[in-house]
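> make a model of this:
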Amino acid sequence: MTKRSPIRPTHVSATSSRSSSARPAKRKAGVAAMTPLLVSLAAGALPSARPPAAPPPPETVSLKEPKAPPKAPTGHLFEPGCALPFPGVPNPPSDDRCPIQGGSPTPAKQAESRAKNNFCATTASPIPVTYPDLIALQTASAGLPKNIPDRSVLANIDGKLGEGKYVSYIAFVKNAHYSDVGKGEAVNCNIGGQDTNDIHIVLLKSQSDDECKSTTAEMSPHFRPPAWTPDSINATIGHPVRVRGQVFYDGSHSPCTATSSPSPQRASLWEIHPVYAFDVCRFESMAQCKEGDTANWVTLDEFVSTENQ
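This is a model prediction of the structure:
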């Protein structure tokens with residue numbers, strides 16, 4: 001029987017084998033496992049089993065909620081409900097004693113007083129109005145009653161103009177005076193005196209016109225600027241004036257007719273009331289005193305101070 005030579009095993013060290021294959025594989029696996037952790041640590045955050053929470057939605061603001069209007073100086077009974085349209089000052093005899101709805105218990109009179117005391121008409125772009133415009137308003141409202149609890153019917157009386165519209169009106173002054181100084185009137189809580197009542201201004205299209213052809217502007221006593229006085233206004237006679245304010249329907253009066261001249265005389269019950277601004281033209285000709293002639297207009301107090309120099 002032939003003897004076979006024993007097969008000698010190849011002498012490969014198990015340690016050497018692990019070093020050449022298993023150990024490198026294990027090192028690579030370990031490095032791979034550590035990589036996310038190192039990246040997370042480098043980013044300053046530990047890995048989490050949960051995904052990051054979604055950011056909260058941005059806050060939404062309802063466009064249907066209007067901003068509260070700025071208030072007049074506090075501490076006064078009269079609150080206009082908005083910033084004043086002129087640099088007014090507190091008038092304690094009026095502002096501390098009479099609220100915006102006046103002193104009448106009648107709803108229609110209270111509504112009228114609130115309209116007379118409306119300082120909150122939008123003043124961004126005044127509507128230029130003329131004498132014929134105020135006469136047209138009178139014609140359109142001839143059938144209205146004197147007492148109007150719901151004054152919304154006056155807001156757009158002829159399709160363009162109406163109560164609450166902010167307008168600019170150029171005319172001549174015939175006369176200015178404190179009105180109802182004896183017993184006052186409901187809008188001013190029936191308090192007598194000059195400081196607590198309106199300044200009534202008679203306006204003419206032409207200086208030669210009769211007062212029955214006049215229109216009216218009223219300066220409210222509430223927060224009235226010190227320069228707004230009858231004497232100052234009457235000093236402008238002979239110069240065109242530009243009166244800005246809201247259009248108001250004063251149904252408590254009557255216009256002149258061909259057969260009657262009620263007091264106070266006027267051609268239209270539609271007034272500029274309350275006055276927001278009162279400017280005077282430097283010239284005496286209406287042709288030089290158009291709405292757009294900006295350089296030719298000065299405020300009432302500027303005009304009076306210049307005249308007194």
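
> what about residue 133, which helix or strand?
Assigned by DSSP states H and E, residue 133 belongs to helix 131-140.

> and the helix or strand just after that helix, what's buried?
Once the chain leaves helix 131-140, the next helix or strand it forms, by DSSP H and E, is strand 166-178. For strand 166-178, burial by neighbour count (16 or more other CB atoms under 10 Å) applies to 166-174, 176, 178. Just so you know, the C-beta spots here come from the backbone N, C-alpha and C atoms, and that holds for glycine as well.

> any idea how far residue 182 is from residue 194?
Distance check for residue 194 against residue 182: by CB to CB, to the nearest Å, it reads 11 Å.

> ugh, wrong one, residue 169
Residue 169 is 29 Å from residue 182, by CB to CB.

> who has more neighbours, residue 194 and residue 182?
residue 194 (14 against 8; other CB atoms under 10 Å).

> show me what contacts the more buried one?
Listed by CB atoms under 8 Å, 6 or more residues apart in numbering, the contact partners of residue 194 are 178, 181.

> look up phi and psi at it.
When read as degrees, to the nearest 10, the backbone of residue 194 gives phi -80, psi -40.

> for residue 268, see how far away it is.
In terms of CB to CB, residue 194 sits 26 Å off from residue 268.

> likewise residue 225?
According to CB to CB, residue 225 stands 26 Å off from residue 268.

> neighbour count winner among those two?
The neighbour comparison of residue 225 against residue 268 (other CB under 10 Å) goes to residue 268, with 22 against 18.

> where along this protein do the helices fall?
14-17, 23-42, 92-95, 107-116, 131-140, 230-234, 300-307 (DSSP state H).

> tell me the contacts of the nearest residue to residue 108 once chain neighbours are set aside?
The shortest distance from residue 108 to any non-neighbouring residue, by CB to CB, 6 or more residues apart in numbering, is to residue 147 (4.0 Å). Applying CB under 8 Å, 6+ apart to residue 147 gives the contacts 106, 108-109, 251.

> ok, those vs residue 94, which is closest?
Lowest distance from residue 94 to the contacts of residue 147 (CB to CB) belongs to residue 109, with 17.6 Å.

> tell me where the stretch 51-200 of the chain is predicted with low confidence.
51-74 (pLDDT under 70).
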